[in-house]
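Enquirer: after the sequence you'll find the predicted model.
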Amino acid sequence: MTDSILLLKDFFEKNGIRFKENELLKRHTTFQIGGPCDFMVFPSTSKQIAAVITECRRLIIPLYFLGKGSDLLVSDDGLPGVVMQLGSSYSKIIVRGNELECEAGASLSAVCYAAYENGLTGLEFAWGIPGSAGGALFMNAGAYGGEIKDVISGAEHITDEGLTEKRSADQLCLSYRHSFYSEHPGCCISKLYFSLKPAPKEGIKAKMDDLMERRKSKQPLEFASAGSTFKRPPGHYAAALIEQCGLKGRSVGDAQVSEKHSGFLINRGNASCKDVEQLIQIVQEEVEKQTGCRLECEVRKLP
């Protein structure tokens, strides 16, 4: 792949696409875990996104998409090929009446705050979720009774052929921690459209403050993590089952089941991907052994 990598570097330089070589992915994940990738690219336009996608496909180079790096566990060996991060350079937010449009790299909290500033309600649940808008749609993120599917009206993505397509809300196949994009990871989410409702700003702000206070009091925000590690099993709560099984505080290396909230596996400083994987396995096996319930991971592993 060496010749292809050299060609790709030349392509980035000629097309003015910002990139870094051998970038450690632990710098870009909320778990602070992950080895290097050959290139990390930071496109600023949909044209650049499409160009990178088509060039990687032409050169047969692996391509991964990354937002804010939450809900991800990246291998200690890193990722071969290219990681495209949609972040601050692709994060415009536009409000028109009751409609909010944003680029996929916008942080979910920034989108929520823009709604508040314009007196629009519906996104308060997202205040404090440490992900990008695109990543939130990918997994239909939700908290405190709200989900992306409740407020999304449509989205755009760029296909692996570099074509832009738009899908309406009912074409996004949104369900618990699932979307059309979960099944089609080769599509790069580029824009999101939200349909919100007008409401008094003071009421919106009060709800945002309340939810943030709940997060601070219940979640281990002082440690690196990928958020909730396991999906909610039908009829149960993952954290309750884990605590019931005596696993609160269990650790492997610097990976630990949080003593503050058992649904979070945290990085106490130098946890490796292998540490986290071993701890996930211990939790799953012990919970299944004691309760008969098999916990399913919410965190995605790359590769």
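Expert: That came through fine. Numbers count the residues shown, from 1 in each chain.
Enquirer: quick one: the helices in the stretch 151-300 of the chain?
Expert: Counting by DSSP state H, counting those that start in this stretch, the stretch 151-300 of the chain has helices at residues 180-183, 201-218, 238-244, 273-291.
Enquirer: doesn't M139 make contact with S175?
Expert: No - between S175 and M139 there is no contact under CB atoms under 8 Å: 10.6 Å. The C-beta positions use only the backbone N, C-alpha and C, and glycine is treated the same way.
Enquirer: now do the most centrally placed residue in the chain against R177, distance only.
Expert: Ranked by distance to the mean C-alpha position of the chain (CA atoms, centre = their mean), the top residue is G135 at 3.9 Å. Distance of G135 to R177, given as CB to CB, to the nearest Å: 12 Å.
Enquirer: ok, G162 next?
Expert: Distance from G162 to R177, by CB to CB: 28 Å.
Enquirer: overlap in contacts of G135 and R177?
Expert: Counting by CB atoms under 8 Å, 6 or more residues apart in numbering, the shared contacts of G135 and R177 are A141.
Enquirer: tell me how far S70 lies from S168.
Expert: Going from S70 to S168 by CB to CB gives 26 Å.
Enquirer: with neighbour numbers in mind, choose between these two.
Expert: S70 (21 against 11; other CB atoms under 10 Å).
Enquirer: residues in contact with the more buried one?
Expert: 29-30, 129-131, 135, 226-227.
Enquirer: does it sit in a helix, a strand or a coil?
Expert: Secondary structure, DSSP: H, G, I helix; E, B strand; the rest coil: S70 is coil.
Enquirer: near V111, how many other residues are there?
Expert: Neighbours of V111 (other CB under 10 Å): 24.
Enquirer: now name the helix or strand holding it.
Expert: helix 108-117 (DSSP states H and E).
Enquirer: same for that helix, what does it pack against?
Expert: With contacts taken as 3 or more CB pairs under 8 Å, 6 or more residues apart in numbering; DSSP states H and E, helix 108-117 sits against strand 93-96, strand 99-103, helix 133-138, helix 201-218.
Enquirer: JSON lines please, covering these and showing distance to S258 and mean pLDDT.
Expert: Conversion of those to JSON lines gives the following (distance: least, CB to CB, whole Å; pLDDT from 0 to 100):
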{"stretch": "strand 93-96", "distance to S258": "32", "mean pLDDT": "98"}
{"stretch": "strand 99-103", "distance to S258": "31", "mean pLDDT": "98"}
{"stretch": "helix 133-138", "distance to S258": "22", "mean pLDDT": "98"}
{"stretch": "helix 201-218", "distance to S258": "10", "mean pLDDT": "97"}
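Enquirer: does V41 have beta-bridge partners, and which?
Expert: Partner residues in beta bridges with V41, using DSSP bridges, are F19, M84.
Enquirer: state the pLDDT value of it.
Expert: With respect to pLDDT, V41 scores 98.
Enquirer: how is the chain divided into domains?
Expert: Residue ranges of the domains in the chain are recorded as 2-88, 91-202, 220-302, according to automatic domain parsing.
Enquirer: quick check: end-to-end length of the shortest one?
Expert: Think domain 220-302. Domain 220-302 has an end-to-end distance of 24 Å (criterion: CA to CA, to the nearest Å).
Enquirer: and the longest one, by the same measure?
Expert: The separation between the terminal residues of domain 91-202, taken as CA to CA, is 26 Å.
Enquirer: please state the offset of it from the chain centre?
Expert: Chain-centre distance of domain 91-202: 12 Å, with CA atoms, centre = their mean, to the nearest Å.
Enquirer: including distance to M212, could the domains of the chain go into CSV?
Expert: Compiled in CSV, those are given as follows (distance: least, CB to CB, whole Å):
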stretch, distance to M212
domain 2-88, 16
domain 91-202, 5
domain 220-302, 10
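Enquirer: so for E213, which of the ones you listed sits nearest?
Expert: Across the domains of the chain, E213 has its closest neighbour in domain 91-202 (9.7 Å, CB to CB).
Enquirer: rewinding a little: mind checking which of the contacts of S70 are in strands?
Expert: 226-227 (DSSP state E).
Enquirer: report the angle between the helix holding V111 and helix 201-218.
Expert: 150 degrees (axes from the mean of the first three to the mean of the last three CA atoms, to 10 degrees).
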